[in-house]
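1. Need coordinates for the below:
(chains A and B)
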There are 2 protein chains.
Amino acid sequence: MEKKYPRILFRKRLKDLRKDMEEVSQKTLKTHKLAVDLLMEYDEEKKEKVIKNSRAIDDMVFNLERKAISLIAAEQPVAGDLRFIEACIKVGSHLKRIGYLAANIAEAAEKLKDEEIPRRPLEDLKHMSDFVQMMLSKGIYAFLDQNMEMARELRHDDDKVDDLFDQTLEHVTRSMFEDKESISYLVNLLFIARFLERVGDRAVSIADRTIFMITCEKP
Amino acid sequence: MEKKYPRILFRKRLKDLRKDMEEVSQKTLKTHKLAVDLLMEYDEEKKEKVIKNSRAIDDMVFNLERKAISLIAAEQPVAGDLRFIEACIKVGSHLKRIGYLAANIAEAAEKLKDEEIPRRPLEDLKHMSDFVQMMLSKGIYAFLDQNMEMARELRHDDDKVDDLFDQTLEHVTRSMFEDKESISYLVNLLFIARFLERVGDRAVSIADRTIFMITCEKP
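-> Numbering: from 1, shown residues only, chains lettered A, B, ... in the order given. This next block holds a predicted model:
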């Protein structure tokens, strides 16, 4: 077998790690999209898929972490390589958490499937989920492509999500006020808005980690 | 200067890392306690302290991560030492998140400070916050003392938190139903219950990480 020079082997292991990150990132993006679509049109099979995917993402991240840590211990990477590997560990834990938030959204959507959702709050959540999905893909591609400008933009996008959250909160509480019978199920809309807000925060954390990886500055 | 054998230096660096973990763990425990006490008796100064502490915990964890990663890269630890250092990185990120959840609780408590909170939901939250505080200290001491039995217990404690969450949800929505005017501020009780549930989940994650550190089994 052709004797591999250590540095070639190291480069190969780094490439593998990056491929793993791409795979788990794509799975997270698809799973989040699947979950938020359930808000508009509930489907039992898709809901089960979201739950199954969130566990698969957990396992993928667990294995990815093992690889990253053993790569650091075995190869003593420095500077940019070390920051990239470390970033993979951190971004991996954000993706894992987003997977579970998607599962939370799917389970809350199930509780609402037979209920009449007032138009305004539903529109708010549609708007918020579209926006958060965009933030998530921006955060992931900023990391994979090491794109600083895209990463910096996400900070401002996050303010928009906070506004959409407050707007949803206002419309949901007004609907509750107008129809007391709806209180017991409309609380699920509040939790969904909260889960989406947390996905947005995680997208910002992925972007912050990207900025740190490239510049060594804590944003 | 007396020439330090590498292994002695390594042992010293491990001890420093452990000391950092103890410090940030204690600060997190105190900050969470400070935050949940605000539910019973709001105090502006204590609220500011919680916010300040949550940022200090973030910085402490950031520095701790740097130390842990450079320790892995420089000293090529293996087996138990490597799993301990890796666990410090993961437990650190849980503590950071718990610090921010404490800040969320404090900010929600501020929104309720001038409101009349119905007795039942307030009792539920008191019960839930006491229980979660216990889980948090159990999770932290299980990690610091590498106590497997204590870590395994936490899985069952988590079921209790889910029950307390559902109970709080039921009593809050009933109070909303009985007094429509309270809806706009009682939603904050729902979010506080949600934040406490998340702190409980984090305590379980610290325990799971402890079990993995000791046994190499993914719980």
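2. ok, now which ones touch the nearest residue to A:Ala103 once chain neighbours are set aside?
-> Closest residue to A:Ala103 apart from its sequence neighbours, by Cβ to Cβ, 6 or more residues apart in numbering or on different chains: A:Ser54 at 4.1 Å. Placement of C-beta: from N, CA and C, glycine included. Contacts for A:Ser54 (Cβ atoms under 8 Å, 6 or more residues apart in numbering or on different chains) come out as A:31, A:99-100, A:102-103.
3. and if we set it to 10 Å?
-> If you count contacts by Cβ atoms under 10 Å, 6 or more residues apart in numbering or on different chains, A:Ser54 has them with A:27-28, A:31-32, A:35, A:96-104, A:106.
4. what's the next secondary structure element after the helix or strand containing it?
-> If you go by DSSP states H and E, A:Ser54 is part of helix A:44-75. Downstream of helix A:44-75, the next assigned helix or strand under DSSP H and E is helix A:79-112.
5. what angle do that following helix and helix A:44-75 make?
-> On the basis of axes from the mean of the first three to the mean of the last three Cα atoms, to 10 degrees, helix A:79-112 is oriented at 160 degrees to helix A:44-75.
6. Output the contacting helices and strands for the following helix or strand past helix A:79-112.
-> Remark: after helix A:79-112, the chain's next helix or strand is helix A:119-144, criterion DSSP H and E. With contacts taken as 3 or more Cβ pairs under 10 Å, 6 or more residues apart in numbering or on different chains; DSSP states H and E, helix A:119-144 sits against helix A:6-40, helix A:79-112, helix A:148-178, helix A:183-215.
7. for A:Ile117, phi and psi?
-> When read as degrees, to the nearest 10, the backbone of A:Ile117 gives phi -90, psi 130.
8. and the residue sitting nearest the centre point of chain A, what is it in contact with?
-> Centroid-nearest residue in chain A: A:Ile98, 3.8 Å away (criterion: Cα atoms, centre = their mean). The neighbours of A:Ile98, taking Cβ under 10 Å, 6+ apart as the test, are A:25, A:28-29, A:31-32, A:35, A:54, A:57, A:132, A:136, A:139-140, A:195, A:198-199, A:201-203, A:206.
9. My guess is A:Asp166 contacts A:Arg194. True?
-> No: applying Cβ atoms under 10 Å as the test, A:Asp166 and A:Arg194 come out as separate, 11.9 Å apart.
10. Settle it for me: which of the two has more neighbours?
-> Using other Cβ atoms under 10 Å in any protein chain shown, the more surrounded residue of A:Asp166 and A:Arg194 is A:Arg194, with 20 against 13.
11. What's the per-residue pLDDT of the more buried one here?
-> A:Arg194 is assigned 96 on the pLDDT scale.
12. what sits against the residue lying closest to A:Arg13 once chain neighbours are set aside?
-> Closest residue to A:Arg13 apart from its sequence neighbours, by Cβ to Cβ, 6+ apart: A:Leu71 at 5.5 Å. By Cβ under 10 Å, 6+ apart, the residues touching A:Leu71 are A:10, A:13-14, A:16-17, A:77, A:81-82, A:85, A:88, B:72-73.
13. Apply 7 Å and report the result again.
-> A:13, A:17, A:85 (Cβ atoms under 7 Å, 6 or more residues apart in numbering or on different chains).
14. roughly how far apart are the first one and A:Ala87?
-> So that's A:Arg13. To A:Ala87, A:Arg13 is 16 Å away according to Cβ to Cβ, to the nearest Å.
15. do the second one as well
-> Here the distance between A:Leu17 and A:Ala87 works out to 10 Å (Cβ to Cβ).
16. Return the per-residue confidence for A:Tyr5.
-> According to the predicted model, the pLDDT of A:Tyr5 comes to 62.
17. again with A:Ala106
-> For A:Ala106, the predicted pLDDT is 98.
18. Chain neighbours aside, what residue packs nearest to it?
-> Nearest residue to A:Ala106, sequence neighbours excluded (Cβ to Cβ, 6+ apart): A:Val50, at 4.1 Å.
19. from memory that neighbour sits against A:Asn104, does it?
-> No: look at A:Val50 against A:Asn104 with Cβ atoms under 7 Å: they stay out of range, at 9.7 Å.
20. Comparing the two, which residue is more hemmed in?
-> Between A:Val50 and A:Asn104, counted using other Cβ under 10 Å, the more crowded position is A:Val50 (25 against 19).
21. follow-up on the earlier one: how much space between the residue nearest to A:Ala103 and chain B?
-> 14 Å (Cβ to the nearest Cβ, to the nearest Å).
22. ok, now A:Lys67?
-> 12 Å.
23. residues from chain A in reach of chain B?
-> A:62, A:69, A:72-73, A:76-78, A:82, A:86, A:93, A:169, A:173, A:176-177, A:180, A:183-184, A:187, A:190-191, A:194, A:218 (Cβ under 7 Å from any Cβ of the partner chain).
24. Buried members of these into PyMOL, please.
-> With 16 or more other Cβ atoms under 10 Å in any protein chain shown as the criterion, this PyMOL line picks the buried residues out of the residues of chain A next to chain B:
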select buried, chain A and resi 69+72+73+77+82+86+93+169+173+176+183+184+187+190+191+194
